Structures are given as C-alpha cells and as structure tokens.
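J.: Quick one, fold the following:
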Amino acid sequence: MMTDSQLRAVRRARTILADQLRAGVDLSAPDMLHEFLQMHFAGRTAEALLVLALDDRRRLLAAETIAEGSLRCVGFPLRQIAAFGLWAGATALIVAHNHPASDATPGPTDILTTRGARILFAMLEMNLVEHFVLSGDQVLAVSDFSDESPAAAAPAEDDRLPTIRRFLAGAAALLEPDSPAALLVEAATRTASDR
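T.: Down below sits the predicted model:
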C-alpha cells in the first residue's frame, strides 16, 4: 500500500506527464505508451477504464477515464467510448484498464469485449488499436492473448454470424434511434441477416 506522500507524488507525476502528452505526442512508440499507462494507473485501488483518442498518425488527441469500478471489475461503456472518440475527432482508439487485485492477464470477458468493440468502432471509422490490461509493472495487450488462445482462434464465418448478430442487437439497444451509428448498426444487421 502506498503512503499519502507517495500517492501525492504519483498524482503530480501524472499531471506532468499528461501536460507533456497534450502536445500531440506520438504514441506509436510502445515504451512511451506503456510509461504513460503505468503512470496513469499507479496507486489506483479500484479498476478504471482509460480511453486514448488518437489521430491517423497515432498522436494523442485526448485522454479520458471513462469508467471507474470496484476492486475486481469495471464497465466497458461502448456508447461513452464511441462518443468520446467522435468528440475528439479520433481515427484510432486505445483502451486500457487495470487489475489492482490480480495479475494483468486478460480474462475471457476482456477478450470478448475487445472483439465486439473492434467491430462497433470500425463501423464508426475508428480503429481500436489495442486494449491493454495493467497490474503493477505488467502491461499486457489483450490481442496477444486472444490470438494465442486455442479457444479464441478465429471461427469459420458461419460460426461467427450468430455472435455478430447478438453483438449488433446489443449495440442497437445502446444507441439513440435514427442516429448515424444506429443506422450503421441497422445496415450491418441486415447484411448479417442476409447471410
């Protein structure tokens, strides 16, 4: 457990780092990105979800903690993440959350949520670059686990359609009727139903 003075130092360092990153720093360098993420989550005792909005050259446009949770879980509010990315004018997003109570190994929910988010954000013309999970000094990419896991291997297209249809139905329920995103989801639903 960190002392009060250590927590104040971490908060101050976060502020300094955030000020430097507002200048449009290039986050395509893994070391810089990992340092920023570790600094952001240092000292947190509950899970939180951070979203980084990036331009097409992977420079930071904006960063925001979208959700805060409990010791063992945090929500992944797709609508809020998408709204933040659109507001920032992002063409790419990075999301990250922490596991303060365990190691950084992504769980099955992290993997499935990331897959669904990639589909939704792609329909909004935003690439989900990566979803990172952090714990202490560990920074792990969810995609590293979904590609290596035999259970997460890409199924045949016919096997994916029911999952895609369920995801689209869930996305439609989250969106405002007749909004551009809802219209895109509706069109994608029709395409998935025709197959």
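
J.: show me the contacts for residue 99.
T.: 47, 105, 133-135 (C-beta atoms under 8 Å, 6 or more residues apart in numbering). For the C-beta atoms, the positions are set from N, CA and C on the backbone; glycine is no exception.

J.: From those residues, pick the one nearest residue 79.
T.: residue 47 (19.0 Å; C-beta to C-beta).

J.: I'd say the closest one and residue 75 touch.
T.: No - using C-beta atoms under 8 Å, residue 47 makes no contact with residue 75, being 9.2 Å away.

J.: Residues that sit against both of these two, list them.
T.: The contact lists of residue 47 and residue 75 share residue 69, where a contact means C-beta under 8 Å, 6+ apart.

J.: Which one's more surrounded, those two?
T.: Between residue 47 and residue 75, counting by other C-beta atoms under 10 Å, residue 47 is the more crowded of the two (21 against 14).

J.: any idea how far residue 127 is from residue 91?
T.: 7 Å (C-beta to C-beta, to the nearest Å).

J.: what's the answer for residue 8, then?
T.: 36 Å.

J.: ok, these two, which is more surrounded?
T.: Per other C-beta under 10 Å, whichever of residue 8 and residue 91 has more neighbours is residue 91, with 16 against 12.

J.: Number of residues surrounding the residue nearest to that one when sequence neighbours are not counted?
T.: Distances taken as C-beta to C-beta, 6 or more residues apart in numbering place residue 56 nearest to residue 91, at 4.5 Å, with adjacent residues excluded. Residue 56 has 9 neighbours, counted by other C-beta under 10 Å.
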